[in-house]
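Asker: here are the coordinates; sequence isn't available:
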């Protein structure tokens, strides 16, 4: 379905529902680039939502790698399954449950994406540090200022290196009866770092 090596699958290609979030296309592109994925890697997508990060990561790590998509919302797991099938992927495993419990059961990862966590981002980052291989990357999408502050503190405490903070504000065009206008989306802060 997506015949390109580059990330940036348009949002409208994904199956979506009103109550399950999606990481928007342009933000997703930046998150995938910050992860520095390679074929054969093992990736977690914590708080997978619609599975858009899972799909993009699965394409990057190819059939020799795998993505472990975790969410506590059954609707998100079902939607990720639909998107996995839609894009013809077999290297994504869905894991239903609380990420703070499920991470402990997973194999070591090369890269961990952390998204919608229901307010547990700091604790999930702490748990992820133990599951991330040396030299592995962590990429965290944040909307709340309080979460940003707590994540920066824990990354410093855990001595991650090459910490990068990028805030993204995207505007998308929309046709009106008299022309085209730009509509702003909420800013997203992306933190990426490497485990020593």
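Answerer: Thanks, I have the structure now. This structure is a prediction, so every number in the text was calculated from the model and none was measured.

Asker: Spell out, range by range, the helices that occur in the protein.
Answerer: 25-35, 52-61, 74-86, 99-102, 121-131, 145-157 (DSSP state H).

Asker: Other residues contacting the lengthiest strand in the chain?
Answerer: For the chain, the strand with the greatest residue count under DSSP state E is strand 132-142. Identification of contacts with strand 132-142 by C-beta atoms under 8 Å, 6 or more residues apart in numbering yields 23, 27, 31, 34-36, 108-115, 121, 125, 128-129, 148, 151, 155, 160, 188-196. Backbone N, C-alpha and C define where each C-beta goes, glycine included.

Asker: Tell me which of the helices of the chain lies nearest to residue 178.
Answerer: helix 25-35 (25.8 Å; C-beta to C-beta).

Asker: Per-residue pLDDT of residue 120, please?
Answerer: pLDDT, the model's per-residue confidence, is 86 for residue 120.

Asker: what about it, neighbour count?
Answerer: 18 (other C-beta atoms under 10 Å).

Asker: List the contacts of the residue lying closest to residue 33 once chain neighbours are set aside.
Answerer: Leaving out its chain neighbours, the residue that sits closest to residue 33 by C-beta to C-beta, 6 or more residues apart in numbering is residue 7, at 7.3 Å. By C-beta under 8 Å, 6+ apart, residue 7 lies in contact with 28-29, 32-33, 56, 59-60.

Asker: Likewise for residue 87?
Answerer: 1-2, 55, 58-59.

Asker: any idea which of those residues has the most stuff around it?
Answerer: That'd be residue 55 among the contacts of residue 87, by other C-beta under 10 Å, with 28 neighbours.

Asker: mind showing which ranges of the chain have poor pLDDT?
Answerer: Where the chain drops to pLDDT under 70, the residues are 117-118.

Asker: Please repeat the previous calculation with a cut-off of 90.
Answerer: 1-6, 18, 21, 115-120, 185-186, 196 (pLDDT under 90).

Asker: and the gap between the residue lying closest to residue 132 once chain neighbours are set aside and residue 73?
Answerer: The shortest distance from residue 132 to any non-neighbouring residue, by C-beta to C-beta, 6+ apart, is to residue 195 (4.7 Å). Applying C-beta to C-beta, to the nearest Å, the value for residue 195 to residue 73 is 28 Å.
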